[in-house]
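Student: What follows is a predicted structure for the sequence shown.
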Amino acid sequence: MANPLIGIFRVKELRERIIFTALMLVVFRVGAVLPIPGINVRELSAYFLSQASSGNPIVDYLDFFAGGAFSNFSVFMLGIMPYISMSIIMQLLLIVFPALKKISQEDGGRKKIQSYQRIGTVGVCIIQAFAVTQYARSIILSGVNLLNMGMVPFSIIAIMTVTTGTMFLMWIGEQITRRGIGNGISLLIFAGIVARLPQALYELGDRVRNGLNPVFVIVVFVVFVAVVALVVFEQQGQRKIQVNYAKRVVGRRMYGAQNTYIPFKINPSGVIPVIFASSILTFPLQIASTIGANVAWLNAVSRALSPRGLLYNILYVLLIIFFAYFYTQVSLNPIEIAKQIRENGGSIPGIRAERIEEYLTKILNRIVLPGSLYLALIAVIPTFIQWAFDFPTSISYLMGGTSLLILVGVDLDTMSQVEGLLKMHHHEGLTKRGRLKGRNL
């Protein structure tokens with residue numbers, strides 16, 4: 001029992017949660033290689049194999065977030081990104097329309113908002129699935145015998161199949177969150193990234209055999225380890241705001257004065273800004289790249305928004321900074337925090353009660369700016385690696401950016417939940433020194 005890893009499987013609840021999560025992830029990976037009905041798998045594989053030498057950064061980028069499902073034309077080829085895109089739209093709508101926000105604050109309002117979000121996800125999936133059918137059409141026009149049926153029946157089947165696949169993935173994510181370990185949606189993205197790792201390492205080895213300097217590989221891996229350490233350090237960092245509470249009477253009992261603090265993390269929104277920025281850019285990028293072959297101006301947009309291009313990375317950085325501020329204001333509202341402090345008889349030393357909101361807003365703005373810039377720096381590392389060392393696209397995405405933040409963040413969050421369940425059952429945690437601080441992704 002001294003070994004915490006053995007203790008994990010001795011606790012019945014934890015063992016069942018881990019097994020359930022593993023089974024759901026197996027279903028996800030099986031669906032990622034299950035092709036849409038009507039696809040000629042041999043011709044599809046030959047087509048992407050012929051494109052491998054020249055490279056298609058847009059397809060590689062979409063494939064990266066789908067865990068390899070996009071190039072397989074699988075039932076899960078859209079991944080979970082349509083759901084994330086719709087969640088962003090819904091949060092923006094809650095701010096723009098006060099009536100919608102009022103509904104969310106009523107009894108049962110959260111379930112209504114979630115149902116609206118699911119309906120909206122279906123609409124986003126239909127749009128993206130239609131774009132996929134147009135991409136398949138462009139492949140056929142290039143001379144590839146991609147389909148075993150007509151274009152019209154394939155389009156209908158593909159839209160229905162891909163939309164159903166994304167909604168099923170959304171259900172799997174919710175079940176993992178409820179009955180498994182960790183955040184289900186984040187774990188699905190995590191599993192897709194990890195699944196791409198063996199192929200990426202193989203491509204890197206092949207590039208080394210063909211002349212890539214091994215010294216560059218060693219240097220980049222050292223940088224990778226250093227960045228992982230910095231990400232962990234940054235995710236654990238926080239600014240403590242001291243709060244003093246006066247004596248107060250609750251019922252017939254008097255509670256004495258106590259001192260506590262509000263922990264403001266250096267990066268309060270975690271990896272959310274990076275996922276949101278990627279999702280916002282992925283949606284128009286997929287539409288432009290899949291339909292662009294038939295529409296001139298969409299083809300120009302597709303080339304301008306190439307993940308290796310300057311415009312894409314500028315928009316990426318700006319969106320990360322925007323969503324860092326946006327999500328922090330949504331999740332950590334200084335007005336609500338100040339109201340709770342005053343209602344409970346609390347005060348911040350050296351700050352007048354009527355200026356608590358202003359003080360907290362000032363602190364959050366000072367924290368969010370360097371945190372968002374740090375996230376943006378990590379996010380553009382893959383592009384820098386590709387420019388500087390001519391690395392394969394797949395390994396470059398794994399060396400930093402969204403993948404690195406998701407891998408580290410999901411791992412910390414999952415380990416913290418495991419540790420909490422172990423201690424609840426009177427077992428030692430995974431770490432003997434300190435405490436893991438999880439994040440809600």
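Tutor: On my side now, so go ahead. Numbering: from 1, shown residues only.

Student: so how far is Phe276 from Leu94?
Tutor: Counting by C-beta to C-beta, to the nearest Å, the separation of Leu94 from Phe276 is 15 Å. Just so you know, the C-beta spots here come from the backbone N, C-alpha and C atoms, and that holds for glycine as well.

Student: can you pull out the strands in the stretch 151-300 of the chain?
Tutor: In the stretch 151-300 of the chain, the segments counted as strands under DSSP state E, counting those that start in this stretch are 238-245, 248-250, 253-255, 258-265.

Student: mind checking how far the first one is from the chain centre?
Tutor: For strand 238-245, the distance between its averaged C-alpha position and the chain's averaged C-alpha position is 30 Å (C-alpha atoms, centre = their mean, to the nearest Å).

Student: Okay, buried residues for that strand please.
Tutor: The neighbour-count check on strand 238-245 (16 or more other C-beta atoms under 10 Å) flags 238, 241, 243, 245 as buried.

Student: My read is that the first one contacts Pro263, right?
Tutor: Yes: with contact defined as C-beta atoms under 8 Å, Gln238 reaches Pro263; the gap is 4.7 Å.

Student: chain center to stretch 133-142: distance?
Tutor: Relative to its parent chain, stretch 133-142 has a centroid offset of 29 Å by C-alpha atoms, centre = their mean.

Student: Show me what the mean pLDDT comes to for it.
Tutor: The pLDDT scores in stretch 133-142 average 83.

Student: can I assume Pro349 is in contact with Asn259?
Tutor: No: at 9.3 Å, Pro349 does not count as touching Asn259 under the criterion of C-beta under 8 Å.

Student: Which neighbours do the two have in common?
Tutor: Contact criterion C-beta atoms under 8 Å, 6 or more residues apart in numbering; residues shared by Pro349 and Asn259: 242, 244.

Student: Now do the buried residues in the helix or strand containing Ala136.
Tutor: Assigned by DSSP states H and E, Ala136 falls within helix 109-141. With burial defined by 16+ other C-beta under 10 Å, the residues of helix 109-141 counted as buried are 113, 116-117, 120-121, 124-125, 128-139.

Student: The nearest residue to Pro307 once chain neighbours are set aside and Ile95: what is the separation?
Tutor: With sequence-adjacent residues excluded and distances taken as C-beta to C-beta, 6 or more residues apart in numbering, Pro307 is closest to Tyr61, at 4.5 Å. As judged by C-beta to C-beta, Tyr61 and Ile95 stand 29 Å apart.

Student: So which of these two has more stuff around it?
Tutor: Taking neighbours as other C-beta atoms under 10 Å, Tyr61 and Ile95 compare with Tyr61 leading, 25 against 12.

Student: Look at the more buried one and report its pLDDT.
Tutor: 71.

Student: Helix, strand, or coil at it?
Tutor: With DSSP: H, G, I helix; E, B strand; the rest coil as the basis, Tyr61 sits in helix.

Student: Low-confidence ranges, the stretch 151-300 of the chain, go.
Tutor: Flagging of the stretch 151-300 of the chain using pLDDT under 70 yields the residue ranges 247-258, 290-295.

Student: rerun that using 80 as the cut-off
Tutor: Within the stretch 151-300 of the chain, the stretches with pLDDT under 80 are 199-204, 206-208, 210-213, 216-217, 219-239, 244-261, 265-272, 274-275, 278-279, 282-300.

Student: Can you tell me, leaving aside adjacent residues, what's nearest to Gln329?
Tutor: Here the nearest residue to Gln329 in space, its sequence neighbours aside, is Leu364; by C-beta to C-beta, 6+ apart that works out to 8.0 Å.

Student: on contacts alone, who are the packing partners of whichever strand or helix holds the one you found?
Tutor: With secondary structure defined by DSSP H and E, Leu364 is part of helix 356-379. Packed against helix 356-379 by the contact rule (3 or more C-beta pairs under 8 Å, 6 or more residues apart in numbering; DSSP states H and E) you find helix 214-236, strand 238-245, strand 258-265, helix 272-291, helix 310-331, helix 334-343, helix 401-424.

Student: What lies in contact with the third one?
Tutor: Outside of strand 258-265, the residues that reach it under the criterion C-beta under 8 Å, 6+ apart are 235, 237-245, 332, 337, 363-364, 367, 371.

Student: again, only using 7 Å
Tutor: The contact list for strand 258-265 (C-beta atoms under 7 Å, 6 or more residues apart in numbering) reads 237-245, 337, 363-364, 367.

Student: That strand vs helix 356-379, what angle?
Tutor: Using axes from the mean of the first three to the mean of the last three C-alpha atoms, to 10 degrees, the direction of strand 258-265 lies 40 degrees away from that of helix 356-379.

Student: distance of the residue nearest to the spatial centre of the chain from Ile314?
Tutor: Central residue of the chain (C-alpha atoms, centre = their mean): Ile275, 4.1 Å from the mean position. Separation of Ile275 from Ile314 (C-beta to C-beta) stands at 19 Å.

Student: do Pro307 as well
Tutor: With distances taken as C-beta to C-beta, Pro307 is found 12 Å from Ile314.

Student: quick one, which of those two is more surrounded?
Tutor: Neighbour totals were compared for Pro307 and Ile314, and Pro307 leads with 24 against 11 (other C-beta under 10 Å).

Student: Could you report the distance from the more buried one to Arg179?
Tutor: Computed with C-beta to C-beta, the distance linking Pro307 and Arg179 is 36 Å.

Student: can you give me the helices for the stretch 51-200 of the chain?
Tutor: Remark: helices of the stretch 51-200 of the chain, listed N- to C-terminal, are 57-65, 81-96, 98-105, 109-141, 151-179, 184-209; assignment by DSSP state H, counting those that start in this stretch.

Student: most tightly surrounded among the ones you listed?
Tutor: Of all the helices of the stretch 51-200 of the chain, helix 57-65 has the most neighbours on average by mean count of other C-beta atoms under 10 Å, namely a mean of 22.

Student: Run through who's touching that one.
Tutor: By C-beta under 7 Å, 6+ apart, the list of residues contacting helix 57-65 reads 70-71, 79, 81, 192, 196, 278, 282, 285-286, 289, 302, 306-308, 393-394, 397.

Student: let's see 6 Å
Tutor: 70-71, 79, 81, 286, 289, 306-308, 393, 397 (C-beta atoms under 6 Å, 6 or more residues apart in numbering).

Student: Kindly report the same for stretch 150-162.
Tutor: Stretch 150-162 has contacts (C-beta under 6 Å, 6+ apart) with 36-38, 75, 78, 126, 129, 133, 147.
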